[in-house]
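*Asks:* task: produce atomic coordinates for the following.
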Amino acid sequence: MARYVAESARETTTLASLDKKLVIAKRCAREGVIAGAKAAVFASIATAIPTLASVKMLPWARAYLNPTAQALIVSTVGGMAYFIVADKTVLAKARRNSFNGASSPSLCDY
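*Replies:* Residues are numbered from 1 along each chain as shown. Predicted coordinates for the structure are as follows:
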């Protein structure tokens, strides 16, 4: 335990290194948002088509799935896809950057 404290005391944190870490974090978060938005659009379309088709064809769905329920199904799947993909993307980028260290030439892999 004392060894880790001693090593952390030797590290010098400069303003430039903090700025570099902030740039990396912002860029990786932006990539997570973009990936999540793409997944949400795809999942919403992939969910809306069968939902609307089942309402047209199945008597049970026509009786029990009003427009509010249909919108809730589609938006829930879109929201889940967004948060799952964005979280996985940000964590993967953070893991990759932590293994590469702050001295890697590319701040965040594209």
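*Asks:* going forward, measure contacts and count neighbours with C-alpha atoms only.
*Replies:* Will do.
*Asks:* pLDDT wise, what is the residue of the chain positioned farthest from its centre at?
*Replies:* Distance from the centre of the chain peaks at P59, with 37.3 Å (C-alpha atoms, centre = their mean). Taken from the predicted model, the pLDDT recorded for P59 is 95.
*Asks:* now do Q70
*Replies:* With respect to pLDDT, Q70 has a value of 95.
*Asks:* ok, it - contacts?
*Replies:* For Q70, the contacting residues are A48, T51, L52, by C-alpha atoms under 8 Å, 6 or more residues apart in numbering.
*Asks:* and the residue nearest the centre of the chain, what element?
*Replies:* The centre of the chain sits closest to A86, judged by C-alpha atoms, centre = their mean, with a distance of 0.4 Å. Assigned by DSSP states H and E, A86 belongs to helix 67-100.
*Asks:* count of neighbours near G78?
*Replies:* A count of nearby residues for G78, using other C-alpha atoms under 10 Å, gives 24.
*Asks:* mind checking pLDDT for it?
*Replies:* Confidence per residue is given as pLDDT, and for G78 that number is 96.
*Asks:* what about the protein, any weak spots by pLDDT?
*Replies:* In the predicted model of the chain, residues 1-12, 101-110 satisfy pLDDT under 70.
*Asks:* who are the packing partners of the helix or strand where R27 lies?
*Replies:* Assessed by DSSP H and E, R27 sits inside helix 15-57. Under the contact definition 3 or more C-alpha pairs under 8 Å, 6 or more residues apart in numbering; DSSP states H and E, helix 15-57 sits against helix 59-64, helix 67-100.
*Asks:* angle of that helix against helix 67-100?
*Replies:* For helix 15-57 against helix 67-100, the angle between stretch directions is 150 degrees (axes from the mean of the first three to the mean of the last three C-alpha atoms, to 10 degrees).
*Asks:* out of the helices and strands packed on helix 15-57, the one nearest K38 is which?
*Replies:* Comparing the helices and strands packed on helix 15-57 against K38 with C-alpha to C-alpha, the closest turns out to be helix 67-100 (7.8 Å).
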